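> Quick one, fold the following:
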Amino acid sequence: MANFFTDNDDLGFYLDRGIPWAELVAASEHGDEAFGSIDEAKELYRAVAESFGQIAAEVVAPRAARLDTEHSRIVDGEAVESPALREISQAMRDAELHKLCIPRELGGLNAPLTLYMLGAEALARADVSIMTHFSFHGGMALAALVFSAREGSTTFDVAKGTIEKTRFSQMIEEIARGEAWGCMDITEPNAGSDMAKLRTRAELDADGTWRISGQKIFITSGHGKWHFVIARTEDAADPSDPYAGLAGLSMFLVKAYDDLPNGEKKRYVTLDRFEEKLGHHGSVTAALSFDRVPAELIGKRGEGFRYMLVLMNNARVGVSFESIGLAEAAYRAAKEYAEVRTSMGKPIAKHEMIADMLDEMELDLVALRALAVSSAVHEELAQKLAIFGAFGAKKGPEAQKKAERDLARHQRISRRYTPLLKYLATEKSVEIARRAIQIHGGAGYTRDYPVEKLLRDALVLPIYEGTSQIQSLMAMKDTLMAAVARPQDLLRKTADARVRALSARDPLDRALARLQGGALAVTQLLLRKTAEGKLRSLANLPLASWPKAFAKDWNPKKDFAFAMLHAERYTRLLADEAIAEVLVEQARAFPERRGYAERWLERAEVRSRALQYEIAHTGERLLKKLAEPAAPSAAAAE
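Presented below is the predicted three-dimensional model:
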C-alpha cells in the first residue's frame with residue numbers, strides 16, 4: 001500500500017525521536033482521559049500519521065490531475081465543488097481527520113498541532129491545494145478556541161484539567177464532525193498587505209447587533225460557513241488619532257449561511273465569484289460581499305490586528321509545511337526522472353551539474369523540515385501554555401513560574417523562526433519545482449509530467465498568508481529593534497561568536513560560529529547605516545532632545561531605508577543561521593544527523609560571505625535615486 005508518510009525516513013525520524021513529545025503531551029493532556037504514557041501517545045500519533053500518508057497517497061494523489069482540471073463553481077448563488085474534491089473530502093470525513101487537534105471536550109482527538117503539521121506535509125505532497133482547503137477546517141476551529149480563551153469566554157475546570165465551556169462551541173463541534181469549515185477574511189480590492197487601508201465596516205445597531213458591510217477578495221475556502229472577518233469599527237479624524245490605521249480594526253465571527261431542514265442554505269454572505277487561477281485548482285479562492293451581515297465581535301473593539309496576528313503565525317507555519325510537501329513531490333519527480341533518463345552514456349543523475357542540483361534539493365528539504373518542526377513545536381507550546389496556563393497553578397507557585405518562563409521563551413523563538421521559515425520554505429518550493437522542470441528538460445514543460453503543475457501550484461506560496469517581502473520586513477524589523485533595545489547583547493554575541501569561531505573544539509561549532517558572526521556583522525552594518533540616516537533626521541531638533549529621539553522615536557518607514565532595501569538578503573542570512581543552529585543541535589543529540597549539519601554549513605558559509613558583500617557594497621545608488629523628488633506627471637502638468 002502506498003503511503004506518503006512511511007516512505008519518508010525524515011518524517012519518520014521526527015515521529016520517532018526528533019520531536020519532544022513529552023513536552024507536547026504534557027501541554028496537551030490535562031484531564032482524566034490523558035494518556036498513561038508517552039509511548040501510548042506515540043502509538044496513536046503514528047497511526048494518525050500513517051492514516052494521513054495513506055489518504056495522501058491513495059486518495060489524493062490519484063486525483064491530483066482531476067483537481068487541476070475539474071474546478072469548483074458558483075451555481076445559483078451557491079458553491080458546487082468539483083467531483084474530485086467531494087470524493088477527497090468524504091474520505092477525510094470518514095477518517096475523522098478534521099477532529100485531530102480539537103480538544104476531546106469538543107468532540108476531537110486532542111492530538112498535538114505538530115502532528116497535524118507532519119500530516120499536512122504528506123497531504124501537500126499529494127496536492128497542495130487539498131492541504132490548503134483542509135487547513136481551514138481544524139485550523140479555524142483551533143483559532144476559535146484560542147480567540148475565546150484570550151477574550152476570557154472559555155472557562156476551565158482547573159481541578160480536572162478540562163474545558164467547561166467555550167463561546168464558539170457550535171462552530172468547533174461542526175468542524176470536528178466534518179460538516180463545516182472556516183476562513184479568514186482580510187484582503188480587499190484596495191488593501192492587501194497594507195491592512196491600515198481596509199474599508200469594510202462594522203456598525204453597531206441600536207439592538208446591540210454588529211452588522212458588516214463591504215467586500216473581501218482572495219479568500220481561501222471562502223465558500224465556507226464560518227468567517228473570521230477583519231472590519232473597521234472606529235473612525236479616525238487624522239493619522240495621529242489613536243484609532244487611525246490598524247488600531248481602528250476589530251475582529252468578528254460571521255456565519256455565512258444557515259442550513260435549512262430541506263437541505264438548502266439561507267445565505268447572508270454573497271459569493272461574488274471564484275477566482276480563475278494559475279494553479280491551486282482544488283482550493284476555492286472567493287470574492288465575497290457583505291451587506292449588513294450580522295456578526296459577533298471577538299475581544300474588544302480595536303483589537304482586530306492583534307487577533308489576526310495570533311491566527312497568522314500558525315497559518316504561516318502551516319503554509320511552510322505545505323511548501324515542503326510540494327517541494328518533496330518536485331524533488332522525488334526530478335530524482336526519479338534523472339535516474340532513468342540517460343544522456344552521453346549514463347543517467348543524467350550521474351552528471352555533475354544535475355547531481356549537484358539534486359543534492360542541494362534534498363538538503364534543502366531536510367533543512368527546511370528541521371526549521372519547520374522546531375517552529376511548530378515552539379508555536380504550539382506557546383499557544384497551549386497561554387491557554388492552559390491556569391492548570392499549572394494546581395502544581396504550585398514554582399511550577400507556575402516555570403510555565404511563565406517557558407511561555408516567554410517559546411513565544412520569543414516562535415516569533416524569530418516563523419517569518420524566516422515562511423520566507424525560505426515558500427521561496428524554495430518555487431525554486432525546487434523550477435529545478436524539477438529543468439531536470440526534465442523539454443518534457444517538463446509539457447503536461448505529460450506532473451512538474452509543470454507543481455510549479456504553477458508553488459508560485460502562490462510566497463504570496464499568500466503574508467508575502468515574502470512582508471516576512472523579510474518582519475524579520476529585519478524584529479532583529480534590528482531588538483539590537484537597538486539591547487545593544488549590549490549584540491556586542492556580547494559578536495564577541496562570543498569570534499571566540500568560538502577560533503577556539504571551539506568541534507569543527508561544526510566553529511563553522512556555526514562563523515555563520516553567526518556573519519549575520520551579527522550585517523546586523524551591526526544595518527544599524528550603522530540606519531543610525532546615519534537617523535542622525536540626519538535629528539538635524540532640525542534641539543540638541544537636548546537628541547538622546548530621547550535617537551533611543552526611542554524610531555520610524556521604520558523613514559529610518560530603515562537601507563535595511564529595507566536589503567531586507568530579503570538579510571532574511572536569507574538569518575534563515576541560514578537559524579537552520580544551522582537547529583541542525584547542529586540535532587547533530588549533538590543524534591550523531592547520525594551530523595552529515596546534514598555539515599552539508600548545510602558548507603553551502604551556507606559560502607552564501608553568507610556573498611550576501612555580506614552584496615549588502616555592504618550595493619544599494620546606495622538606488623537609495624539616492626529613490627530620495628530624489630518625483631518629477632511632475634504629464635497629467636499633473638496639464
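> so how far is the helix or strand residue 427 falls within from its chain's centroid?
Using DSSP states H and E, residue 427 maps to helix 397-440. Centroid separation between helix 397-440 and its chain, computed with Cα atoms, centre = their mean, to the nearest Å, is 8 Å.
> Quick check: next helix or strand after that helix?
Of the helices and strands lying after helix 397-440 in sequence (DSSP H and E), the nearest is helix 451-458.
> what about dumping the CA coordinates of that next one to CSV?
Extracted C-alpha coordinates of helix 451-458, given in CSV (Å, rounded to 0.1, in the frame of the first residue of the first chain):
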residue,chain,number,x,y,z
VAL,A,451,6.3,19.0,-12.6
GLU,A,452,4.7,21.9,-14.6
LYS,A,453,1.6,21.6,-12.3
LEU,A,454,3.9,21.7,-9.2
LEU,A,455,5.5,25.0,-10.4
ARG,A,456,2.1,26.5,-11.1
ASP,A,457,0.9,25.5,-7.6
ALA,A,458,4.1,26.7,-6.0
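> neighbouring contacts of that helix?
Identification of contacts with helix 451-458 by Cβ atoms under 8 Å, 6 or more residues apart in numbering yields 64-65, 68, 127-129, 278-280, 323, 326-327, 329-330, 333-334, 426, 429-430, 432-434, 436-437, 440, 444-447. (Glycine included, C-beta is placed from N, CA and C.)
> Give me the buried entries from those.
Among the contacts of helix 451-458, those buried by neighbour count (16 or more other Cβ atoms under 10 Å) are 64, 68, 127-129, 279-280, 323, 326-327, 329-330, 333-334, 426, 429-430, 432-434, 436-437, 440, 444.
> Can you classify residue 322 by secondary structure?
Following DSSP: H, G, I helix; E, B strand; the rest coil, we place residue 322 in the helix state.
> Any chance of the backbone angles for residue 109?
phi -100, psi -10 (degrees, to the nearest 10).
> Sorry, wrong one. I was asking about residue 267.
Per degrees, to the nearest 10, the backbone of residue 267 is at phi -90, psi 140.
> Tell me what it is bridged to.
Here residue 267 shows beta-bridge partners residue 257, assigned using DSSP bridges.
> which residues touch it?
Applying Cβ under 8 Å, 6+ apart to residue 267 gives the contacts 77-78, 256-257.
> measure it to residue 179 for me?
Distance check for residue 267 against residue 179: by Cβ to Cβ, to the nearest Å, it reads 17 Å.
> for residue 247, same thing?
Counting by Cβ to Cβ - residue 247 and residue 179 are separated by 37 Å.
> Show me which of those two is the more surrounded one.
Legend: neighbour count by other Cβ atoms under 10 Å for residue 247 and residue 179, higher for residue 247 (17 against 13).
> If I look at the more buried one, what pLDDT would I see?
For residue 247, the pLDDT comes out at 87.
> Could you tell me which residues make contact with it?
Residues in contact with residue 247 (Cβ under 8 Å, 6+ apart) are 234, 302, 305.
> Neighbour-wise, give me the winner out of these.
That'd be residue 305 among the contacts of residue 247, by other Cβ under 10 Å, with 20 neighbours.
> Mind telling me what element it is part of?
Using DSSP H and E, residue 305 sits in helix 304-340.
> Give the rounded mean pLDDT of that helix.
The average of the pLDDT scores along helix 304-340 is 95.
> Stretch 12-30 too?
Stretch 12-30 shows a mean pLDDT of 93.
> Centre of the chain to it, how far?
Computed by Cα atoms, centre = their mean, the separation of stretch 12-30 from the middle of its chain amounts to 21 Å.
> and that stretch, how far apart are its ends?
From its first residue to its last, stretch 12-30 covers 27 Å (Cα to Cα, to the nearest Å).
> again, but for stretch 499-513
Its start and end residues considered, stretch 499-513 measures 8 Å (Cα to Cα).
> I figured residue 444 hits residue 438, correct?
Yes: Residue 444 lies in contact with residue 438 (Cβ atoms under 8 Å); the separation is 7.0 Å.
> Check whether residue 227 sits in a helix, strand or coil.
Here residue 227 is recorded as strand under three-state DSSP.
> For it, which non-adjacent residue is closest in space?
residue 254 (4.4 Å; Cβ to Cβ, 6 or more residues apart in numbering).
> Just the pLDDT at that neighbour, thanks.
The per-residue pLDDT reported for residue 254 equals 98.
> could you dump the contacts of residue 247 to JSON lines with distance to residue 294?
Output for those, formatted as JSON lines (distance: Cβ to Cβ, whole Å):
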{"residue": "234", "distance to residue 294": "20"}
{"residue": "302", "distance to residue 294": "20"}
{"residue": "305", "distance to residue 294": "23"}
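> tell me which of those residues is nearest to residue 46?
Nearest to residue 46 among those is residue 305, at 39.4 Å by Cβ to Cβ.
> so where's the stretch 351-500 of the chain uncertain?
Applying pLDDT under 70 to the stretch 351-500 of the chain picks out residues 389-395.
> what about dumping the CA coordinates of the strand ranked longest in the chain to CSV?
Criterion DSSP state E: the longest strand present in the chain is strand 285-298. C-alpha atoms of strand 285-298 as CSV (Å, rounded to 0.1, in the frame of the first residue of the first chain):
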residue,chain,number,x,y,z
THR,A,285,-10.5,31.4,-3.8
ALA,A,286,-13.6,33.6,-3.4
ALA,A,287,-14.7,37.2,-3.6
LEU,A,288,-17.4,37.9,-1.1
SER,A,289,-19.9,40.7,-0.4
PHE,A,290,-21.3,41.7,3.0
ASP,A,291,-24.5,43.8,3.2
ARG,A,292,-25.3,44.5,6.8
VAL,A,293,-24.5,40.9,7.7
PRO,A,294,-24.9,40.0,11.4
ALA,A,295,-21.6,39.5,13.2
GLU,A,296,-20.2,38.7,16.6
LEU,A,297,-17.4,40.9,18.0
ILE,A,298,-14.3,38.9,19.2
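> Would you give the sheet partners of it, along with the direction of each?
Each strand paired with strand 285-298, and its direction, by DSSP bridges: strand 210-220 (antiparallel), strand 249-255 (antiparallel), strand 270-274 (antiparallel).
> Report the contact partners of the residue nearest to residue 290 when sequence neighbours are not counted.
Take residue 290 and drop its neighbours on the chain: the residue closest to it by Cβ to Cβ, 6+ apart is residue 212, 4.6 Å away. Counting by Cβ under 8 Å, 6+ apart, residue 212 makes contact with 200-202, 229, 231, 252, 254, 290, 292-293, 295.
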